[in-house]
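Engineer: here is a sequence with its predicted model. Questions after.
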There are 2 protein chains.
Amino acid sequence: MSAFQKLGRPTRLNEGAEKVTGKLRFTPDVFLPNTLHARFVASPYAHARILSIDAAAALAVPGVHAVLTARDLPDIAPSSRAHLLLARDRVIFAGQPVALVLAESEASAEDGAEQVLIDFDPLPTAMTIEAALAPDAPLVWPKGIPGSQGSSSDNRRDVRETTQGDVSQGFAAADVTLERTFTSEGVHQSYIEPQAVLVQPDPLGGVTIWTNTQAPFEVQEVVAEMLGLPESRVRVIPMPVGGGFGGKFTLYQPLVVAAALAVNRPVRLVLSRMEELAAGNPAPAIQARVRLGAKQDGTLTALEADILVDAGCYPSNWLADFTGSQLRYCYHIPHYRLTTAEILTFKASVAAYRAPCAPTAALIIESLMDELAERLNRDPLELREQNLAQAKEGQPQHTHGARQVLQQVRQHPLWQNRAATKANGRGVGLAFFGWTGAYGPSSALCMLQHDGRIQLQMASVDLNGTSTGFQLMVAEALNIPLEAVSIVVGDTLTSPYAVNTAGSMVTYSTGGAVLEAAKEVRQQILAVASDELEVAAEDLEIVDGRIQVKGYPSRTLSFKDISARTRKAGAQHPPILAHGRSSPATEAPVYSAQLAEVEVDRDTGEVKIHRIVLVQDVGFALNPLAIQGQMHGGVTQGIGWALYEQLNFDEGGQLLTGSWMDYAVPRADQTAPVIETVLVEVASDHGPLGARGVGESPVIATAAATANAMYDATGIRFTRLPMTAPRVWSALKGSQA
Amino acid sequence: MSAFQKLGRPTRLNEGAEKVTGKLRFTPDVFLPNTLHARFVASPYAHARILSIDAAAALAVPGVHAVLTARDLPDIAPSSRAHLLLARDRVIFAGQPVALVLAESEASAEDGAEQVLIDFDPLPTAMTIEAALAPDAPLVWPKGIPGSQGSSSDNRRDVRETTQGDVSQGFAAADVTLERTFTSEGVHQSYIEPQAVLVQPDPLGGVTIWTNTQAPFEVQEVVAEMLGLPESRVRVIPMPVGGGFGGKFTLYQPLVVAAALAVNRPVRLVLSRMEELAAGNPAPAIQARVRLGAKQDGTLTALEADILVDAGCYPSNWLADFTGSQLRYCYHIPHYRLTTAEILTFKASVAAYRAPCAPTAALIIESLMDELAERLNRDPLELREQNLAQAKEGQPQHTHGARQVLQQVRQHPLWQNRAATKANGRGVGLAFFGWTGAYGPSSALCMLQHDGRIQLQMASVDLNGTSTGFQLMVAEALNIPLEAVSIVVGDTLTSPYAVNTAGSMVTYSTGGAVLEAAKEVRQQILAVASDELEVAAEDLEIVDGRIQVKGYPSRTLSFKDISARTRKAGAQHPPILAHGRSSPATEAPVYSAQLAEVEVDRDTGEVKIHRIVLVQDVGFALNPLAIQGQMHGGVTQGIGWALYEQLNFDEGGQLLTGSWMDYAVPRADQTAPVIETVLVEVASDHGPLGARGVGESPVIATAAATANAMYDATGIRFTRLPMTAPRVWSALKGSQA
C-alpha cells in the first residue's frame, strides 16, 4: 500500500475518455482557411536518376494549385533525411518524395499526384547488408554524404570498435565458448496515426507548425536551421500523438514548411499507411556474429561481437554502437571487443523504436546465457544472478532491482512448474535485461488559477499517461483532488524547455521539475494564508483542498480565497506561480524479466504464446495502472517482434509489406491471452520519489523469452527474428531456421 | 543621462514597424473555417416593450444560418451589461441587441439583420440626469437590477456620502467661498479598432475566445461564470488592441460565446463604428455642484461637492465615488463632504476612459483654484504649492514629484511670459493634478531559448509600449542586445496571471516581476558558466551577450553555449527558467501640470490651442520615447475633451453623433501644433527602478488648462465640457455658456 494519498494508487489516464470517445483532436483535425493539401509523388525505384518531371497534366487536374519539385525549394545540402526535401537528380529509396502536389482538396492532390510524369533511369540497388557490402555494390552516397566525414568508397558508416581488457586472454580463460549468428528484420513502429504536419506561414516571416511529434523542440531547431529562420519565428505546437514509439521526431516537417513558404499558404500533409511503411523511420535490420566465453563455474570471461545495422540511406550514427553497448550492460564481462558499423542500403533511413535495438540485443545475449546454462548444467536464473554487473567506482550511484526481479521470477509458479509445462508439450523460456533509459534537463511551471485550480504547464508531450502522473504528483503535494489540477502541455513558444518524449525520459526527468514547482506553490499558498489568517505557516495544513489552522478546522481559506488575494488590482500578495527545474545526474537502469509459455505447432510451424509474465523494476510506481498499461502494450509489441513483423523488400527495392494486410502487426488473437505484470519497486537514486522510466523496458525481453521457450518446447535455437511460421516450420523440418 | 546602458534611452517600440506596415494581425484577421458572421439587430428605441420578433424574412436571405433571440440563449439574469446578452422583453437603450443574425458572410448577416421584423411598443424615456431625477421619471429598472441591492423607487444608484472633519466649521473658517456648477458630456474612447470577438466552441465543452480586450483574465472569469463553464475550459487569447483606453474590458464576449455554443460553430462579431458609438462603454456625463472655501492666506478650509454621474442603464458602482475622491486627492482640505450618486438613464452603460472622470475633476478643482488665486490676489502656482496634500502617517510612503513639477512650470517661458502672451490677445492657463494610478499583483517568466535568445513571457496586453519597456529591462539586466530578447504576451491558458492593462498599472505592477525573473535568469546562467569555466560566478561578467571571465576575455561562453548545456538529453544542468512575482504595496501618484496657450475667436467662438506644455513626474523614465508618445496621445485626447467630443442624444434617445462625421474627434488641424513634454523624474517608492505608471495622466489637465487659458483670454469661466464653438460664442454674447 502506498505511503501517499494519491500517488501509488491505480488512476485512470486523464485523456482516456477523450480518446475512446473520439473527441480528442489530432493534427488532421486542425483546419485553417485557404489550406492546400499536399501529396507527394514518390519514387517507384530504390535507386534511379531523375531525367525529367512533367507536371502539365497534373496542373490541369481541377483543384491542383501547384506541383513543386526540388527546383522550387531552397537548395539545401541533403545532409540528413530531414534535409532531403524533394529529390534533386537522384532517388535513393523507393517511396522517396520527388514532387509535391498541392491542391485545394486531398482528393485533387491525390489525382494530381497520379498525373505527374517522371522519367527515371533506374540504377543498380543494394537492399541488404550483404548486397551493400559486396565488392562491386552500388554506393548510396558515391561522393559522400554532404557535410559528413567518412569514406565514400563503400557503404560502411560509423564503424567503431569498443574494447575492454584483452579479449584473447578472456577467451583463453574460458572453459566454454559459444559462437552464434543472430539476425532481425526491419520493423515499423506501426502507430495507428500516421505522421501529419500542418504549416501556416506567418505574415511576419516565420511559421506555425502543428504536428504529432514527440520532439517539438527538435522540430523547431531543425526547421529553423534548414530554412534560415530565427527559432523564435518557428512555433511548433505539439499535437496529441496517436502512437510514436520513437518514430515521430522530425521527418517531413521541413518539407511542408518549405512548401508552405513557397506558395505562402497553409499546407497540410498526412501520410498514408503505405507511405508510412515505405518511407517512415523504421527500426533497422541487424546482423550480429557473437562469441561468449565462460568458465566452468559460470563466470563470464569474454564477449566478442561484430554487429552490422542496416541503416537505410543515412547512418543514424548511434544505433550500431548502442546495440553493442547493450550486450555488455547487464552482466559483468571483464574482456570484450565490440565492432559495430552501420551499412547504407537503398531504403528509407532508420530510427528509434521503443528501446532501440534492445529486442535484438536481448535475443542475442539471453539466448547465449540460456545455452550456456544448459552447457554448464546450471540453473539459468542463477547463472544470470551470478554474473550481474557490479556498480563501478567513481560513477554516479545506480541502485536497481535486478536481484529483486530475478527473485520474483524464481518464486513464480510458471517458473517453478516449468518441467510440468514442458511435459504437457509446451515450453517455458526466461529472458532478462537491463535497460539504461535516458535522462535530460527539464522544467515545469505551476500556478494557481482564478477558480482555485492548480495549473501545471510543461512541454513534454504525453504519449502514455505521463501527464496523469504529474497531475497525481501535484495533487499529492498540495493535498487537493486530482480534478483540481489542470495539465497544459505547452508549445515551443509558450512553454519552457522539457525533454523529448523518448527514452523513458519524461517522468524520470521532468518529474523532478514538477515536484519542485508544486512544492513551491504549496509554500507560496501557505505564506499568503499565514498572512491572512495571522498564523505561522507551520501551523497550517491543507486538508481536502482547503488551508486550515491545525486544530482549528473552522479557521480556513479555500484556494479560491487565496486566488482572490493574489490576482486582482489592489491585491496585496503576488500571484501564486512557481517553476521547477530538474536535471538528473545519471540514468536509472530498469531491470526486467519475462517468462513466456509457448506451444509450437509442429505441422505448421505456428507458435502460440499462451502466457507472458513480465516482472519489472519500476522504481516507485507513481500510477500502477499507467505502468501496467505500458507493460501490456510493450509485451504486445514484443510479440510482434518475436513472431510477426518484418519490412520485406524485393531485390529491386520494392516494399512487399506496404499495408497492414501484408505487414503483420499482431492481431488480438495473436497476442498472449494472459499477460501478467509483476511490479518490483526499488526506488531510483535520482528519479522523482524514486520513480524510473518505465516505457521502453516491457518490449525488450518478449522475443528472447519466446525464443528460449521455443527451444524448451522444440530443442531448436531460433536466432532470427521474427520467428514466423514458415521459418519455424523449416527449422522443425531440419532446414535452416 | 541614464545610469544604464539601455534603460532610460529613447527606444522605438518593438511592434511599431508591424503596425505601420499593416502586418500586425488584429482579431478580424483571424479566420476559422466554418465561421458564422454575426450582426445584431439593435433596438431603435431607448425604451420599449418587445411585442414580437419575426425572423422569417431574415432566414430567407441567402447565407443566413440562424436568427437568435433571447429564447435561444441561456436565461441569465441581466445583472450587468455583459449579462444582458439579447433583450428578453424590454429594451433599455437604443442600440441594445435584440436579435443576432448569424450568416456565412458579413454581407449576408447585414442583409439578414435588415429583414428581422421586431414589433416594439415604445415607452417613455429619461435621457439626462435631470429627466431621470424628475418625480415622475420612468424607471430604468422598475423592479430593481437582478442580483443587486438598492431601491427600485427611483433612478439613483450607488449613493454615497464621504466626509472628513466638520464641513460647516470649515466653511465658517473660510474668508472666501466659491460655489460653482460644472458639467461634462458623455465621451466615447474613440479607439480606431472597434470591439471584435471570435469564439470557437471546443469539442470537449468549452471555448476559445480571440478578442481585443485589455483584460483577458476578466473576460475568462465573466464568461465562465455566466455560462457555467469551468474557467480552465475558457481560453481567452488577447489580440492586439487598436486602442482601448478603458473601453475594452468585457462587453459582447459572453453574447458571442452563447451564440457559438447555441449553433456549435465559430462565431465572429466585429462592431461597426455606429454600434461602437451607440452601444459601447463610453465615459459618463457628469454634473457637479461644488463649494470650496479658503482663508485669506490661501489655506483651503472646506470642500463640499454634490456629484451626479450619468450611468446609463447600469451603475458602475465606482465612477461617482471615484470622481469625488479625486477632488480631495491633490490638496490638503481639512473638512469635506462629498455626496455622490450614479443616475440611471436609458442609454448604454458607462465605463472607464483613460484616467476615469479625471478631466472633469481637474476642470472642477483647477477652475476653482484659479478663481481663488484671483480672488485672493495670489500667484496661482504658489497657491497650489501651498495647499499640496501631505503624506499621511501610517500610510505606505508616497514619494512624488508634485513640487518638482510645479517648479518646472514656474521656470517655463510660457508661464514666465504669460502677461506678454495675454497682451497679444491670447490666454495662458495652468492646471495641475495628482493622479493615483492603480496597482496589482503580477507575474512573469523568463527563459533561455535554444538559439541563445532570452524569452520573456507574461500576460499583460501591450497597449502602449510596455513590452518594449520590459524588453529593455531584460536586455539591461543581462547586458545583451535588445534584439536578443523576445517578448511573448501569453493568453489565459499558457501564461501566469498579470494585471489588466488599465489604470497605468502594467509597467508599475508587472515590471517588478520582469526584473526579478531577469535577474534570476542571469544568476542561473552565471552558475552554469561558473561550472563549465571552473571559475567562481562572481569572477564572471556578461559583456555584449557573452559570459566571460573578468580580465580574461578569451575565456568565454555564448548564451547558445549555455543553452546547449541545459536543453538536451544527457545535459548536466537544468534548463534556464525563472519566474518573477510582484505586488506593489501601494499606488505611485503621478503629478502633472499643463500649460495651455489659446486664442478665442470672438466672432465664431472657435478656440485655437496654440501650444500645450505638459510637465509630468514619470518616476524613472524607462523609455522616454514611449512616455513622450503617451504624453502626446493623452494631450490630443484631452483636446477632444476640452473642445469637441460629446455623445448627443435627442429626447427620444436617438444618438445624434453616431459616426465620426458627427462625433467630433479632434482632427489633425484641431490638435495643438506644439505639444511640449517635460519629463520630471522623481523615483517612485515601489515601482521597478522607480518607474511610475504614466499612461493616464497626460489626458487629465488639458481641458482644465484650456478653460483657465480661455478665462485668461476672455474673462469668462467656462464650466461645461466640451467648450464647443457654439457654447463659447453664446458665452461671449452674454448668454449662458
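Structural biologist: That came through fine.

Engineer: which stretches in the stretch 451-600 of chain A count as strands?
Structural biologist: Ranges of strands in the stretch 451-600 of chain A, per DSSP state E, counting those that start in this stretch, are A:454-458, A:485-489, A:540-543, A:546-549, A:552-558, A:577-582, A:590-600.

Engineer: tell me which of these sits nearest to chain B.
Structural biologist: Among the strands of the stretch 451-600 of chain A, strand A:577-582 comes nearest to chain B, with 3.5 Å by C-beta to the nearest C-beta. In short, each C-beta sits where N, CA and C put it, glycine included.

Engineer: that closest one packs against which elements?
Structural biologist: Helices and strands touching strand A:577-582, by 3 or more C-beta pairs under 8 Å, 6 or more residues apart in numbering or on different chains; DSSP states H and E, are strand A:442-448, helix A:511-533, strand B:577-582.

Engineer: please repeat the previous calculation with a cut-off of 10 Å.
Structural biologist: If you count contacts as 3 or more C-beta pairs under 10 Å, 6 or more residues apart in numbering or on different chains; DSSP states H and E, strand A:577-582 packs onto strand A:442-448, strand A:454-458, helix A:511-533, strand B:442-448, helix B:511-533, strand B:577-582.

Engineer: redo these as CSV? Include mean neighbour count.
Structural biologist: Formatted as CSV, those follow (neighbours: other C-beta atoms under 10 Å in any protein chain shown):
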stretch, mean neighbour count
strand A:442-448, 30
strand A:454-458, 26
helix A:511-533, 22
strand B:442-448, 30
helix B:511-533, 22
strand B:577-582, 26
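
Engineer: residue B:546 is nearest to which of the ones you listed?
Structural biologist: Closest approach to residue B:546 among the helices and strands packed on strand A:577-582 (C-beta to C-beta): helix B:511-533, 9.6 Å.

Engineer: now that closest one: average pLDDT?
Structural biologist: For helix B:511-533, mean pLDDT rounds to 97.

Engineer: run the chain-centre distance for it.
Structural biologist: Put simply, helix B:511-533 sits 35 Å off its chain's centre (C-alpha atoms, centre = their mean, to the nearest Å).

Engineer: and the angle for that helix with strand B:552-558?
Structural biologist: If you take axes from the mean of the first three to the mean of the last three C-alpha atoms, to 10 degrees, helix B:511-533 sits at 110 degrees to strand B:552-558.

Engineer: state the mean pLDDT of the helix or strand harbouring residue A:342.
Structural biologist: Applying DSSP states H and E as the criterion places residue A:342 in strand A:335-344. Confidence over strand A:335-344 (mean pLDDT, whole number) is 98.

Engineer: cool, stretch A:129-138 as well?
Structural biologist: Rounded mean pLDDT across stretch A:129-138 is 97.

Engineer: what about that stretch, start to end distance?
Structural biologist: Start and end residues of stretch A:129-138 are separated by 12 Å (C-alpha to C-alpha, to the nearest Å).

Engineer: contacts for that stretch, please.
Structural biologist: With contact meaning C-beta atoms under 10 Å, 6 or more residues apart in numbering or on different chains, stretch A:129-138 is reached by A:46-47, A:92, A:123-126, A:128, A:139-140, A:154-156, A:183, A:284-287, A:308-311, A:341-347, A:651.

Engineer: what residues of it count as buried?
Structural biologist: A:129, A:131, A:132, A:133, A:137, A:138 (16 or more other C-beta atoms under 10 Å in any protein chain shown).

Engineer: can you name the residues that contact the nearest residue to residue A:165 once chain neighbours are set aside?
Structural biologist: In this structure, residue A:165 finds its nearest non-sequential neighbour in residue A:335, 3.5 Å apart by C-beta to C-beta, 6 or more residues apart in numbering or on different chains. Neighbouring residues of residue A:335 by C-beta under 10 Å, 6+ apart: A:163-174, A:293, A:300-304.

Engineer: burial count for whichever residue of the stretch 151-300 of chain A sits closest to chain B?
Structural biologist: Per C-beta to the nearest C-beta, residue A:231 is where the stretch 151-300 of chain A lies closest to chain B, at 4.1 Å. Applying other C-beta atoms under 10 Å in any protein chain shown, we find 22 residues neighbouring residue A:231.

Engineer: check the offset of the lowest-mean-pLDDT helix or strand in chain A from the chain's centre.
Structural biologist: The helix or strand of chain A with the lowest confidence, counting by mean pLDDT, DSSP states H and E, is helix A:16-20 at a mean of 87. On the basis of C-alpha atoms, centre = their mean, helix A:16-20 is displaced by 22 Å from the centre of the chain it belongs to.

Engineer: buried residues, it. List them.
Structural biologist: Residues of helix A:16-20 include none that count as buried (16+ other C-beta under 10 Å).

Engineer: helix or strand next in line after that helix, which one?
Structural biologist: Counting by DSSP H and E, the next helix or strand C-terminal to helix A:16-20 is strand A:36-42.

Engineer: show me what that following strand is packed up against.
Structural biologist: strand A:64-68, strand A:97-103, helix A:106-115, strand A:117-122, strand A:196-201, helix A:253-263, strand A:267-270, helix A:273-279.

Engineer: which residue is the nearest non-sequential neighbour of residue A:96?
Structural biologist: Once flanking residues are discounted, residue A:96 sits nearest to residue A:43: 4.6 Å by C-beta to C-beta, 6+ apart.

Engineer: shouldn't that neighbour be in contact with residue A:116?
Structural biologist: No: the pair residue A:43 / residue A:116 is not scored as a contact, 11.6 Å apart, by C-beta atoms under 10 Å.

Engineer: now do the shared contacts for these two.
Structural biologist: Common contacts of residue A:43 and residue A:116 (C-beta under 10 Å, 6+ apart): A:98, A:99.

Engineer: in the stretch 251-400 of chain A, which spans are strands?
Structural biologist: Taking DSSP E, counting those that start in this stretch, the strands of the stretch 251-400 of chain A run over residues A:267-270, A:286-294, A:300-312, A:335-344.

Engineer: run through who's touching the least confident helix or strand of chain A.
Structural biologist: Under C-beta under 10 Å, 6+ apart, the answer for helix A:16-20 is A:13, A:23, A:24, A:25, A:26, A:240, A:242, A:465, A:468, A:629, B:203, B:204.

Engineer: among those residues, who's most crowded?
Structural biologist: That'd be residue A:465 among the contacts of helix A:16-20, by other C-beta under 10 Å, with 25 neighbours.

Engineer: can you add distance to residue A:454 and give the strands of the stretch 251-400 of chain A back as CSV?
Structural biologist: Formatted as CSV, the strands of the stretch 251-400 of chain A follow (distance: least, C-beta to C-beta, whole Å):
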stretch, distance to residue A:454
strand A:267-270, 36
strand A:286-294, 46
strand A:300-312, 46
strand A:335-344, 47
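
Engineer: and residue B:682, which of those strands is closest to it?
Structural biologist: Per C-beta to C-beta, nearest to residue B:682 of the strands of the stretch 251-400 of chain A: strand A:267-270, 56.0 Å.

Engineer: contact partners for residue A:542?
Structural biologist: Residue A:542 makes contact with A:477, A:478, A:479, A:480, A:522, A:525, A:526, A:529, A:548, A:559, according to C-beta under 10 Å, 6+ apart.

Engineer: thank you, goodbye.
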